[in-house]
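>>> fold the following and give me the result.
(2 chains)
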Amino acid sequence: MSYYVLLFTMIVASFLFVGLTMIIARLISPSSSNKNKSEAYECGIPTQGKTWMQFKVGYYLFAILFLMFDIETVFLFPWATIVQEMGKDAIFGISFFLFILIMGLAYAWRKKALEWK
Amino acid sequence: MYDFSIITTAIDQFLRSLMPSGLAIFIECVLVGACVLVAYIVLAIIMIFMERKVCAAFQCRLGPMRVGFWGTLQVFSDVFKMIIKEIIDLKRTDNMLYNLAPFLVVLSSVLTFSCLPFAKGMEVLDFNVGLFFLMATSSFGVLGIMLAGWSSNNKYSMIGAMRSGAQMVSYELSIGISMLTLVVLSGTLQLSEIVSRQSDAWFIVKGHIPAFIAFVIYLIAGNAETNRGPFDLPEAESELTAGYHTEYSGMGFGFFYVAEFMNLFIVSGIASTIFLGGWMPLHILGLDGFNAAMDYIPGVVWFLGKTFFVIWLLMWIRWTFPRLRIDQVITLEWKYLVPIGIVNLLIMTLCVVMGWTL
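Now for the predicted structure:
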């Protein structure tokens, strides 16, 4: 059996699992409506101001850094599988790439992009 | 050694002899899906019970004792309670995303779970790019968490989701690099192949010091990836009520809870697969009688034994160390784990290419 059939099966199975359980839970659970119950729970105090607004930029900076380095690990995976066949050439082949990767990290460090602000 | 594929091929041939092949494949798919989901739920229940007992033991308590023998039925009653709890529809949430989030979180953990090789021939998804697929599927659990936090329209959820996003995304890098170190040693990405190449010695023994450093990095990063232990600031109870799932009630919360525990299982399962030999029995070179005796223990027992050992290690860490601050979490990852990981990868490459044994 092809693995893609199984992959599709697992996707469908997990969606059915969550969906059916939610439907069953909704059928057998009690429900009563109340104005205060459907408010956001912020420790009992009435909500102040908006939630969907501009957020601290620090989180996005790390997302960008992650994007850069994760793509580079993606490039390293095919190399890692053939290191044993390539022998010594593998080191020469990847050293330039890793050099740029490490320089990038060093640059980000120097520019204080790794500090939490 | 027991080969599970004998049973699966027997079932396959039996079904094909009864009905056309399309229907047979359909029934097999249903069977596989049902088996994986049952295993998923049973393991989650076992792990919730284990967490309570281990946590209690570390705090010199007894843990749940009243319901059933040694509190074994406590978790079942909790699951039942979770199902019959009211699901509250909130007024100001982004309804579609709010309901979609549990689906994504569970989808991510079920897909990763079905990649794990439990025994010989007992893996559901066994792609030739298995480890890569694992990384890809585990990374969209973050999406579900971000959606849950954002769509709840609650400031605590939002802060929790943002912290969780930054943390999980950062630590995925270290997980990737420590996996890469082991891929260099094994030379393949297929999980079943990785396990079968450890028949003479587990990779943590074969890889000597670099493999051990990679194992430690993997454990730290895996712990952060599951939002547990000293890295549980996305759901720091004392400051953020419950983090990204504050607004979920009843089964909606239940799915986040189960997925979190199963992510712990998956992280430990991958650790035991790529570092500790998966379902491979313990073999010591030269002791033939001992090796033959070890072969009689089924692979599932080995796999689950190693996995629960790693889970126990992570629980020990969780209940021992105090919580880190967000800047400490980020510093630990970017200034320590990533550089150490890259250098470790280079050392491992040198060891493999030059044939050094440290």
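>>> got the contact list for residue B:41?
Neighbour list for residue B:41: residue B:258 [criterion: CB atoms under 8 Å, 6 or more residues apart in numbering or on different chains]. From N, CA and C alone the C-beta is placed, and that goes for glycine too.
>>> tell me the SS of it?
The three-state label given to residue B:41 by DSSP: H, G, I helix; E, B strand; the rest coil is helix.
>>> tell me the pLDDT of it.
We have a pLDDT of 89 for residue B:41.
>>> residue ranges in chain A under the pLDDT threshold?
Residue ranges of chain A with pLDDT under 70: A:1.
>>> can you give me the strands in it?
For chain A, no strands turn up when DSSP state E is the criterion.
>>> pull the residues that contact stretch B:66-84.
With CB under 8 Å, 6+ apart as the contact definition, stretch B:66-84 has outside contacts at A:21, A:24-25, A:28-30, B:45, B:48-49, B:52-53, B:63-65, B:250-251, B:253-254.
>>> spatially, which residue comes closest to residue 47, not counting chain neighbours?
Because you didn't say which chain, this covers chain A. residue A:40 (5.3 Å; CB to CB, 6 or more residues apart in numbering or on different chains).
>>> ah, I was thinking of chain B
Once flanking residues are discounted, residue B:47 sits nearest to residue B:261: 4.7 Å by CB to CB, 6+ apart.
>>> next: residue B:341.
Closest residue to residue B:341 apart from its sequence neighbours, by CB to CB, 6+ apart: residue B:177 at 3.7 Å.
>>> what helix or strand is that neighbour located in?
Using DSSP states H and E, residue B:177 maps to helix B:155-186.
>>> interface residues of the stretch 101-250 of chain B facing chain A?
By the rule CB under 8 Å from any CB of the partner chain, the part of the stretch 101-250 of chain B lying against chain A is B:102-103, B:106-107, B:110-111, B:114, B:124-127, B:131-132, B:150, B:152-156, B:158, B:162-163, B:165-166, B:169-170, B:172-173, B:176-177, B:180, B:183-184, B:187-189, B:241, B:246-247, B:250.
>>> list only buried entries from those residues.
With burial judged by 16 or more other CB atoms under 10 Å in any protein chain shown, the buried subset of those is B:102-103, B:106-107, B:110-111, B:114, B:124-127, B:131-132, B:150, B:152-156, B:158, B:162-163, B:165-166, B:169-170, B:172-173, B:176-177, B:180, B:183-184, B:187-189, B:241, B:246-247, B:250.
>>> what about stretch B:118-128, distance to the chain center?
16 Å (CA atoms, centre = their mean, to the nearest Å).
>>> pull the residues that contact that stretch.
By CB under 8 Å, 6+ apart, stretch B:118-128 touches A:3, A:6-7, A:10, B:1-6, B:8, B:32, B:36, B:111, B:114-117, B:133, B:188-192, B:279, B:298-300, B:303-304.
>>> mind giving me the PyMOL command for buried ones among these?
In PyMOL, a selection of the buried entries from the contacts of stretch B:118-128 looks like this (16+ other CB under 10 Å):
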select buried, (chain A and resi 6+7+10) or (chain B and resi 2+4+8+32+36+111+114+115+116+117+133+188+189+190+191+192+279+298+299+303+304)
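>>> out of the contacts of stretch B:118-128, list just those in strands.
Going by DSSP E, the strands hold none of the contacts of stretch B:118-128.
>>> so of the contacts of stretch B:118-128, which ones are in helices?
Taking DSSP state H as the definition of helices, the contacts of stretch B:118-128 contribute A:3, A:6-7, A:10, B:5-6, B:8, B:32, B:36, B:111, B:133, B:191-192, B:299-300, B:303-304.
>>> number of residues surrounding the closest residue to residue A:104 other than its chain neighbours?
Once flanking residues are discounted, residue A:104 sits nearest to residue A:68: 6.9 Å by CB to CB, 6+ apart. Around residue A:68 there are 13 other residues, counting by other CB atoms under 10 Å in any protein chain shown.
>>> residues contacting residue 18?
Picking chain A for this. Contact analysis of residue A:18 by CB under 8 Å, 6+ apart lists B:102, B:103, B:106, B:107, B:255.
>>> that's the wrong chain, I wanted chain B
Applying CB under 8 Å, 6+ apart to residue B:18 gives the contacts residue B:24.
>>> okay, now the unreliable bits of the stretch 201-350 of chain B?
B:236-239.
>>> try 80
For the stretch 201-350 of chain B, applying pLDDT under 80 flags the ranges B:201, B:204-207, B:229, B:232-243, B:283-295.
>>> how near is the residue nearest to residue A:47 to residue B:163?
Going from residue A:40 to residue B:163 by CB to CB, to the nearest Å gives 19 Å.
>>> ditto for residue B:85
For residue B:85, the distance to residue B:163 (CB to CB) stands at 27 Å.
>>> next: residue A:53.
For residue A:53, the distance to residue B:163 equals 17 Å [CB to CB].
>>> strands of the stretch 251-358 of chain B, start to end?
Here the stretch 251-358 of chain B has no strands by DSSP state E, counting those that start in this stretch.
>>> the closest residue to residue B:297 other than its chain neighbours: neighbouring residues, count only.
Closest residue to residue B:297 apart from its sequence neighbours, by CB to CB, 6+ apart: residue B:281 at 6.1 Å. For residue B:281, the neighbour count with other CB under 10 Å is 19.
>>> list the contacts for residue B:281?
B:1, B:291, B:294, B:295, B:297, B:299, B:302.
>>> which of those residues has the most neighbours?
Of all these, residue B:299 has the most neighbours under the rule other CB under 10 Å, reaching 23 neighbours.
>>> what's the spacing between the most centrally placed residue in chain B and residue B:59?
Centroid-nearest residue in chain B, with CA atoms, centre = their mean: residue B:266, separated by 1.5 Å. Look at residue B:266 and residue B:59: by CB to CB, they are 26 Å apart.
>>> if I read this right, residue A:43 contacts residue B:241, doesn't it?
Yes: at 6.5 Å, residue A:43 counts as touching residue B:241 under the criterion of CB atoms under 8 Å.
>>> leaving out the residues flanking it, which one is nearest to residue B:169?
residue A:66 (4.5 Å).
>>> correction: residue A:101
Nearest residue to residue A:101 in three dimensions, chain neighbours excluded: residue A:72, at 5.2 Å (CB to CB, 6+ apart).
>>> correct me if wrong: the one you found contacts residue A:103.
No: in this structure residue A:72 lies outside contact range of residue A:103 using CB under 8 Å: 11.8 Å.
>>> got the contact list for the residue nearest to residue B:250 when sequence neighbours are not counted?
What sits nearest to residue B:250 in space, not counting adjacent residues and going by CB to CB, 6+ apart, is residue B:85, at 3.8 Å. If a contact means CB under 8 Å, 6+ apart, then residue B:85 has A:25, A:29, B:249, B:250, B:251 as its contacts.
>>> what about residue B:252, how many neighbours?
Taking other CB under 10 Å as the criterion, the count of residues near residue B:252 is 23.
>>> give me the element the residue nearest to it when sequence neighbours are not counted is part of.
Take residue B:252 and drop its neighbours on the chain: the residue closest to it by CB to CB, 6+ apart is residue B:102, 5.6 Å away. Following DSSP H and E, one finds residue B:102 within helix B:95-113.
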